[in-house]
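>>> what's the 3D shape of this:
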Amino acid sequence: MTLEIVEQLRAIVGDRGIVAGDAVSSRTGNLWTGAALNAMALVRPKTTEEVSAVLACCNEAGQSIIPIGGLTGLVEGQEAQSHEIALSMERMNAIEGLDETGRTMAVQSGTILQTVQERAADAGLMFPLDLGARASCTIGGNIATNAGGVRVVRYGMMRNLVLGLEAVLADGTVLDGMSGLIKNNTGYDLKQFFVGSEGTLGVITRAVLRLHEALPGVATAFLSVPNWDAVVTLLRFFDREVAGGVIAYEVMWRDYFELNTGETSDIKSPFNDPVAFYVIVEIPQRTTGTDSDEMEELLARAFEDELIVDGILPKSEEERQRLWEIRESFEPEKRRFDVTHGFDVSLNTDDMDDYVEAVRSNLQRAIPAAKLFTMGHIGDNNIHFSVSDVAKEDMGPVYDIIYEPLRDLSGSISAEHGIGLEKKAYLNVSRTPAEIDMMRAIKRAFDPKNILNPGKVFDLE
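Numbering: from 1, shown residues only. Next comes the predicted model:
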């Protein structure tokens, strides 16, 4: 049966469209860990028609399929087993069209995020989604995980940036919803079933993305902030005073900042005195370059109100990028620790400070050797933890310490990374039994044979 299904798929996609046998393990299965791909075969279709034929073939045979994107996911949502078929959209990577008047772009799902950003910029437009994995992650993966990133506070999640979608169901049925209309109130919004579905309901093949006008300029400031109340007040201050609100508002707790400016980092702290919090804020401006009279005036007022202790205004684009590396670089953590575990949670802003302190104290009490590093987007309710110096087999108490308090806080165990395999045991922290039953019913309706990413998000009972 193994050889038969592989040869059937080869007949559909051709020799260039399939990797089988020992060659499979030569491919990377996870860009963060470098682990080899584990699958019976890797199928690489070139067209929607090929995707449809591949799914119909596998559905008939009851063969499970694991859709994979740029392999930058953090919750084991793209993990395959040796009896499964991995399905990659890497050969479906074309930008099919750009409508400058309507400010939309039609792309195939294997298109790299950075490619979309650059093509939009060439037209004087902007695709706002931005995250650290921009050079590797794909649009299909961004949609399937409802990616967030650093500009959600202004532009929303990936869900807000998708106008139309083409997806192929498990039986090969093609749903062509490639409309570029902002207003399209014609019954159920079917595309939303696939946004955040993690490849469990269908395979995303094409999308129409919503673009925005490129900003003439962006002013950036790196700030040291004395306490949590000042962090929250400062966000409201900028949002109130800046037309259209902030573009990004990234907060680093002292532990995270000192790790990323410490002995294992290539970047040193731009500040003399340590404080509790550090903030990168970006606002739009009408002029190009890094000089900003408006930002300088706002920082002077914030300083007078004791909302900031110190601030850095980059004098060049290169300096701006270096400051952003303090927030985005994972290299200091990788150099210092053999293993780290990432967490991505969401909760009300008013609860964040007490929650983080409770996590820190409970973790220190339960596992004294553990190290905790904290940063977050804050303006969109999102906190990220990194936990180091804890073996994977000892992580049970850590999951409980981080996830269980969210039950009473109406928080989410996943703000933007998804559920995958890693978080599904804790799905009931954030979703009621009735909601999970409804998810199972939707899964059965879209994929009756359970061939698409089976076992991810939840188990079918």
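
>>> Phi and psi next, for His377.
His377 adopts backbone torsions of phi -90, psi -20, taken as degrees, to the nearest 10.

>>> go on, Val13?
phi -100, psi -10.

>>> thought it was touching Val43?
Yes - with contact defined as C-beta atoms under 8 Å, Val13 reaches Val43; the gap is 6.0 Å. Just so you know, the C-beta spots here come from the backbone N, C-alpha and C atoms, and that holds for glycine as well.

>>> any shared contact partners between the two?
By C-beta atoms under 8 Å, 6 or more residues apart in numbering, Val13 and Val43 have these common neighbours: Val54.

>>> So which of these two has more stuff around it?
Val43 (25 against 19; other C-beta atoms under 10 Å).

>>> which regions of the stretch 251-400 of the chain lie under the pLDDT threshold?
Scanning the stretch 251-400 of the chain with the threshold set as pLDDT under 70 gives 290-291.

>>> Next, please give the residue ranges for the strands of it.
Secondary structure of the stretch 251-400 of the chain (DSSP state E, counting those that start in this stretch): strands at 277-285, 310-312, 340-346, 371-376, 382-388.

>>> Among those strands, which comes closest to Glu435?
Nearest to Glu435 among the strands of the stretch 251-400 of the chain is strand 340-346 (16.1 Å), distances taken as C-beta to C-beta.

>>> what angle do the closest one and strand 382-388 make?
Per axes from the mean of the first three to the mean of the last three C-alpha atoms, to 10 degrees, the angle that strand 340-346 makes with strand 382-388 is 160 degrees.

>>> other SSEs contacting strand 340-346?
Helices and strands touching strand 340-346, by 3 or more C-beta pairs under 8 Å, 6 or more residues apart in numbering; DSSP states H and E, are strand 382-388, helix 396-403.

>>> Go through those and pick out the most buried.
Burial of the helices and strands packed on strand 340-346 is given as mean neighbour count (mean count of other C-beta atoms under 10 Å); strand 382-388 ranks first at a mean of 21.

>>> Partner strands of that one and their direction?
strand 340-346 (antiparallel), strand 371-376 (antiparallel) (DSSP bridges).

>>> Okay, buried residues for the first one please.
Taking 16 or more other C-beta atoms under 10 Å as the basis for neighbour counts, the residues of strand 340-346 that come out buried are 340-346.

>>> Can you lay out the strands paired with strand 382-388 as JSON lines showing distance to Leu87?
Output for the strands paired with strand 382-388, formatted as JSON lines (distance: least, C-beta to C-beta, whole Å):
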{"stretch": "strand 340-346", "distance to Leu87": "25"}
{"stretch": "strand 371-376", "distance to Leu87": "33"}
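
>>> Of all those strands, which one is nearest Pro274?
Set against Pro274 and scored by C-beta to C-beta, these come closest in strand 371-376, at 15.0 Å.

>>> That closest one: how far from the chain's middle?
17 Å (C-alpha atoms, centre = their mean, to the nearest Å).

>>> Same question for stretch 433-453.
Distance, centroid of stretch 433-453 to centroid of chain: 23 Å (C-alpha atoms, centre = their mean).

>>> Could you do stretch 399-406 as well?
21 Å.

>>> Val457: which of the strands of the stretch 251-400 of the chain is closest?
strand 340-346 (15.0 Å).

>>> can you list contacts of the closest one?
74, 333-334, 380-388, 390, 392, 395, 398, 402-403, 406, 411-417.

>>> Can you list the residue ranges for helices in the stretch 251-400 of the chain?
In the stretch 251-400 of the chain, the helices defined using DSSP state H, counting those that start in this stretch lie at 254-260, 293-304, 317-328, 331-336, 349-366, 396-403.

>>> Mind checking the helices and strands packed on strand 340-346 for the one nearest to Gln78?
That would be strand 382-388 among those, by C-beta to C-beta, at 19.6 Å.

>>> Output the closest one as PDB, nothing but the C-alphas.
Output in PDB follows, covering the C-alpha atoms of strand 382-388 (Å, rounded to 0.1, in the frame of the first residue of the first chain):
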ATOM      1  CA  ASN A 382      -0.300  38.900  24.100                       C
ATOM      2  CA  ILE A 383       2.500  37.700  26.300                       C
ATOM      3  CA  HIS A 384       5.400  35.400  25.300                       C
ATOM      4  CA  PHE A 385       7.400  33.300  27.800                       C
ATOM      5  CA  SER A 386      10.600  31.400  27.300                       C
ATOM      6  CA  VAL A 387      11.400  28.800  29.900                       C
ATOM      7  CA  SER A 388      15.000  27.400  29.900                       C
END
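
>>> For Ile139, which non-adjacent residue is spatially closest?
Thr111 (4.9 Å; C-beta to C-beta, 6 or more residues apart in numbering).

>>> sorry, that was for Ile66
Ala80 is the one closest to Ile66 (C-beta to C-beta, 6+ apart), at 4.1 Å.

>>> Correct me if wrong: that neighbour contacts Ser88.
No - using C-beta under 8 Å, Ala80 is not in contact with Ser88, being 10.7 Å away.

>>> Assign Leu175 to helix, strand or coil.
strand (DSSP: H, G, I helix; E, B strand; the rest coil).

>>> what's the burial count for it?
17.

>>> Can you tell me, leaving aside adjacent residues, what's nearest to it?
Nearest one to Leu175, counting by C-beta to C-beta, 6+ apart, is Ala167 at 5.1 Å.

>>> is it true that the one you found touches Ile204?
Yes - under the criterion of C-beta under 8 Å, Ala167 makes contact with Ile204 at 5.1 Å.

>>> neighbour-wise, which of these two wins?
Taking neighbours as other C-beta under 10 Å, Ala167 and Ile204 compare with Ile204 leading, 31 against 28.

>>> Let's verify the residue nearest to Ile66: helix, strand, or coil?
coil.

>>> What separation is there between Gly156 and Glu118?
21 Å (C-beta to C-beta, to the nearest Å).

>>> tell me the contacts of Gln114?
So Gln114 contacts 134-135 (C-beta under 8 Å, 6+ apart).

>>> intersection of neighbour lists for Ala167 and Ile204?
Phe194.

>>> Relative to Gly379, how far out is Gly245?
Separation of Gly245 from Gly379 (C-beta to C-beta): 9 Å.
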